[in-house]
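S.K.: Dropping a prediction and its sequence here:
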Amino acid sequence: MTFLDRRTLLAGSGAIALALALSPASAQKKYDEGATDTEIKIGNTNPYSGNASAYGNIGKTIDAFFKKVNDDGGINGRKINFISYDDGYSPPKAVEMVRKLVEEDKVLFLFNTLGTPSNTAIHKYMNQKKVPQLFVATGASKWGNPKEFHWTMGWQPDYATEGAIYAKHILSNVKDPKIGILMQNDDYGKDYLNGFKQGLGKDNEKLIVELATYEVTDPTVDSQMIQLKNSGANVFFNITTPKFAAQAIKKAAEIGWKPVHYLNNVSSSFGAVFKPAGIEASQGIILALYRKDPADPQWANSPDIAAWKAFMAKYMPQADLRDDSHNYGYSVANTMVEVLKNCGDNLTRENVMKQAASLKGYEAPMLLPGIKINTSSTDYYPIQAVRLARVNGESFELFGEVQSNENPSQ
Amino acid sequence: MATTATTANSPVTAAARPAGHKWWIWLMVLLLALLPLLGGKTGLISNYGFLQLSLMIVYAIAVLGLILLTGFNGQISLGHGAFFAVGAYTSAVLIDQASWPYWATLPVAAIVCFLVGYIFGMPALRLEGHYLALATFALAVAVPQFLKYRHFEWFTNGVQGINIFKPDPPFGLPLSADQWMYLIVLFVAVLMFWIARNLLDSRAGRAMMAIRDHSMAASTMGVNVAHYKTVVFGISALYTGVAGALHAIIFEFVAPDSFRFELSIAILVGAVVGGIASLPGAVIGGIFVQVIDKYADALTKKLTTAVSLPLDLEPWTIYGIALILLMYVMPMGIAGGLTALWRKLRGS
């Protein structure tokens, strides 16, 4: 034991001496683990294999974008070292990979780890370790809780905000609304419902005449749709994932129920929802969007779309441009670079968090005009605005103003 | 198939642990126990490294459970992931809901898993060979669904799983939490292997192997086959369950997804690769499960870039190639293969 103690002592005093020797140089530049004069180490997990591997394109796009940033000279002279591991969309695998990233690879922070279950599994760990878990790729509203979880922040509009926006739109546009809701019975569904109720306000909660739920394991939602029709509702809020969204749209058409139909952004896909449900049956469905659809001709001349197309052509020539993941990954990676630029030479974890929470009116590429990123030490919800769109033919038709749930004082 | 393989294996097993080699094993254990002081203090092994080592040991215990059942008793199980899950959840729920200290949950997990294994073993007794394999496989597929079942959600927390926190070392020991848990896991593993060894060397152990080699002959000799088979099933589940409980504690997280049927397959592959009727085989199997099974994907990628192959290899390519090679080169597992090699060298 004495031998070891002496060892420890020696090592300790050596470290102190080293720290003293280095301290004048580090007066201006401040680093935590994972950042040096030449490099910023960023960790990530993505499902590159398994059932959700389609999402893996987000990780690939981010990787390609950071390559572009490095080719252009890096951020304040530092290159990004992006380490991304496959978690197969499995929370336990994510836990193991994230521990590797934090403890062995010693990354400065995690960026855009994907999936509500995986991020939930590492949520407490990251905050206990005080390592930033930035701009996670999920819309659950629990990521914006700086009081309890100082080190975790979301990015995309959270489900609760989106729900509130639909509620406000219903109140100001539908005469004498009677609302029927179909909801997936889990954290995601409840998140939407809570936001929706908040948007309605206490007095208007009685406008909800029917709340039907389903489990992810259910084969169909047919009986719920009949139940909703029989309730006499004239507004339908559809909180479903793509498979069930398609079923609900199809069934509504079959039984001749024609409410004003609001569908959550989670299912804003032509390929997975509207085509299987029937384009005819999908006409007029209202939903919220926050990013430009690159295929929409009205953006053909906007500089961010052009830059994105040039980037895709050079760095991901094989990719399918209609895959929304490329669009998403490009936009969120740009936000990350903006934060790192603002960090300057102070690359401590605390400062990365501080800069992430100090974005004011930042217009990330691909965001719809008028949608800006605002954060503060009490506001950990970067994007809180969407624009409503309706299904028109085989594309979306944007309408109305940008709808925001942002606190007006900001 | 398994019966003939294990029969062929049994003389090898006896030769694998001659009494003279005992000091060698204890020296290894001592070295492993000193690792936090040697490797940890010098920074040679990170905390994540200790987690990896702990996981290898945990899987070694799980594989040992299956080896007792399949290698020494001739019953096939494709569902040991289920017992692993039951052990893990028992431990996690007790820590999370009832605030039990982690060490107290281990014996409870052991008892629960023994009972589950024993009860499952009773009807399964009527099933032989492939039918038993299928029944246990069904168990492995069913358990994750049970854990997600909404009426159990109040204590399993559904798909989201349970987060628990690793305990800090007691008495202000100069160890990190990971190093401390590594020592705990190592201690439990040594205890479990020691018990298994003594069990196999006893009258009961000989009865187990007699049932494996020829159950009719064993019963003629007065061995109560049904009783032995169910109890061995229970003990096997106990071993794997304790491994599960340790896994929950060191991993600090359980979710239904951790225990998909792939885990059962991984344990079985670990047992076969290590050496189905050999205690050292369980250790090798545990290492195999953690290293090859979990990192086959990363290895494939690294290899592809290292030799700059023009084609995109599927993530499991390395895993498949490793398995095929091993089965051809060492049909009796790595432990069996090494013993054979040793004897050949000594013979010549």
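M.R.: Here it is on my side, so go on. Source: prediction; values computed, not measured.
S.K.: Find me the pLDDT at the residue in the stretch 301-410 of chain A that chain B sits nearest to, would you?
M.R.: Across the stretch 301-410 of chain A, the shortest distance to chain B (CB to the nearest CB) belongs to A:Q318, at 11.2 Å. The way it works is simple: take the backbone N, C-alpha and C, and place the C-beta from them, glycine included. Listed pLDDT for A:Q318 reads 86.
S.K.: How about B:R17?
M.R.: Here the pLDDT value assigned to B:R17 is 48.
S.K.: what's the answer for A:G361, then?
M.R.: 92.
S.K.: Can you name the residues that contact it?
M.R.: Neighbour list for A:G361: A:372-374 [criterion: CB atoms under 8 Å, 6 or more residues apart in numbering or on different chains].
S.K.: want to throw those into CSV with secondary structure, distance to B:G158 and pLDDT?
M.R.: Shown next, in CSV, are the contacts of A:G361 (DSSP: H, G, I helix; E, B strand; the rest coil; distance: CB to CB, whole Å; pLDDT from 0 to 100):
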residue, secondary structure, distance to B:G158, pLDDT
A:K372, coil, 36, 92
A:I373, strand, 33, 94
A:N374, coil, 34, 92
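S.K.: Tell me where the stretch 151-300 of chain A is predicted with low confidence.
M.R.: Residues of the stretch 151-300 of chain A that meet the criterion pLDDT under 70 lie in A:216-217.
S.K.: What sits closest to B:V143 if chain neighbours are left out?
M.R.: In this structure, B:V143 finds its nearest non-sequential neighbour in B:A82, 4.2 Å apart by CB to CB, 6 or more residues apart in numbering or on different chains.
S.K.: C-alpha coordinates for the strand or helix carrying that neighbour, PDB please?
M.R.: According to DSSP states H and E, B:A82 maps onto helix B:80-98. Output of helix B:80-98 as PDB, limited to C-alpha atoms (Å, rounded to 0.1, in the frame of the first residue of the first chain):
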ATOM      1  CA  HIS B  80     -31.200 -18.500 -21.200                       C
ATOM      2  CA  GLY B  81     -31.600 -14.800 -22.100                       C
ATOM      3  CA  ALA B  82     -35.000 -15.000 -20.400                       C
ATOM      4  CA  PHE B  83     -33.400 -16.000 -17.000                       C
ATOM      5  CA  PHE B  84     -30.800 -13.300 -17.500                       C
ATOM      6  CA  ALA B  85     -33.600 -10.800 -17.900                       C
ATOM      7  CA  VAL B  86     -35.500 -12.000 -14.900                       C
ATOM      8  CA  GLY B  87     -32.300 -11.700 -12.700                       C
ATOM      9  CA  ALA B  88     -31.600  -8.200 -14.100                       C
ATOM     10  CA  TYR B  89     -35.100  -7.000 -13.600                       C
ATOM     11  CA  THR B  90     -35.400  -8.500 -10.100                       C
ATOM     12  CA  SER B  91     -32.200  -6.600  -9.100                       C
ATOM     13  CA  ALA B  92     -33.200  -3.300 -10.900                       C
ATOM     14  CA  VAL B  93     -36.700  -3.200  -9.500                       C
ATOM     15  CA  LEU B  94     -35.600  -3.900  -6.000                       C
ATOM     16  CA  ILE B  95     -33.000  -1.100  -6.200                       C
ATOM     17  CA  ASP B  96     -35.200   1.300  -8.000                       C
ATOM     18  CA  GLN B  97     -38.500   0.800  -6.200                       C
ATOM     19  CA  ALA B  98     -37.600  -0.500  -2.800                       C
END
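S.K.: roughly how far is that helix from the heart of the chain?
M.R.: For helix B:80-98, the separation from the chain centroid amounts to 16 Å (computed by CA atoms, centre = their mean, to the nearest Å).
S.K.: Domain-wise, how is the chain divided?
M.R.: Looking at chain A here, since you left the chain open. A:26-156+A:291-379, A:159-289 (automatic domain parsing).
S.K.: should've been chain B
M.R.: Taken from automatic domain parsing, chain B resolves into B:2-255, B:292-348.
S.K.: Give the buried residues for the longest strand seen in chain A.
M.R.: The longest strand of chain A (DSSP state E) is strand A:395-404. For strand A:395-404, a neighbour-count test (16 or more other CB atoms under 10 Å in any protein chain shown) marks A:396, A:398, A:402-404 as buried.
S.K.: Let me see the contact set for the closest residue to A:Y380 other than its chain neighbours.
M.R.: Excluding the flanking residues, the one nearest A:Y380 by CB to CB, 6+ apart is A:G144, at 4.0 Å. A:G144 makes contacts with A:153-154, A:158, A:379-381, as judged by CB under 8 Å, 6+ apart.
S.K.: shaky segments in the stretch 1-150 of chain A?
M.R.: A:1-27, A:50-52.
S.K.: Flag every residue of it that's near chain B.
M.R.: A:4, A:7-8, A:49, A:85-86, A:90-92, A:95-96, A:99-100, A:103-104, A:117, A:120-121, A:123-125, A:128 (CB under 8 Å from any CB of the partner chain).
S.K.: Those in strands, which ones?
M.R.: Using DSSP E, these in strands are A:85-86.
S.K.: Is there a quick ChimeraX command that grabs whichever of the residues of the stretch 1-150 of chain A next to chain B are buried?
M.R.: With 16+ other CB under 10 Å as the criterion, this ChimeraX line picks the buried residues out of these:
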select /A:49,85,86,90,91,92,95,96,99,100,103,117,120,121,123,124,125
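S.K.: quick one: the strands in the chain?
M.R.: No chain was given, so I picked chain A. Counting by DSSP E, the strands of chain A are A:30-31, A:39-46, A:79-86, A:109-111, A:133-134, A:179-184, A:208-214, A:235-239, A:260-263, A:286-289, A:346-347, A:385-392, A:395-404.
S.K.: please go with chain B instead
M.R.: With DSSP E as the criterion, chain B has strands spanning B:162-163, B:253-254.
S.K.: which of those strands is buried the deepest?
M.R.: Across those, averaging neighbours per residue (mean count of other CB atoms under 10 Å in any protein chain shown) puts strand B:253-254 on top, at a mean of 27.
S.K.: do that strand and chain A meet?
M.R.: Yes. Counting by CB under 8 Å from any CB, contacts between strand B:253-254 and chain A involve B:253-254.
S.K.: Can you list the neighbours in contact with that strand?
M.R.: A:91-92, A:95, A:121, B:88-89, B:92, B:161-164, B:248.
S.K.: what's the closest of the residues you listed to A:A212?
M.R.: B:G161 (27.6 Å; CB to CB).
S.K.: isn't the closest one right up against B:E252?
M.R.: No. Taking CB atoms under 8 Å as the definition, B:G161 is not a contact partner of B:E252, at 10.6 Å.
S.K.: For the helix holding B:A82, the averaged confidence score.
M.R.: The model assigns helix B:80-98 a mean pLDDT of 92.
S.K.: Quick check: which helices or strands does that helix pack against?
M.R.: helix B:47-66, helix B:102-124, helix B:129-148, helix B:153-156, strand B:162-163, helix B:225-251, strand B:253-254, helix B:261-274 (3 or more CB pairs under 8 Å, 6 or more residues apart in numbering or on different chains; DSSP states H and E).
S.K.: If you average pLDDT over each of the ones you listed, which is lowest?
M.R.: Of all the helices and strands packed on helix B:80-98, helix B:153-156 carries the lowest average pLDDT, namely a mean of 76.
S.K.: That helix: which residues count as buried?
M.R.: Quick answer for helix B:153-156 (16+ other CB under 10 Å): B:T156.
S.K.: list the helices and strands that helix packs on?
M.R.: Judged by 3+ CB pairs under 8 Å, 6+ apart, the packing partners of helix B:153-156 are helix B:80-98.
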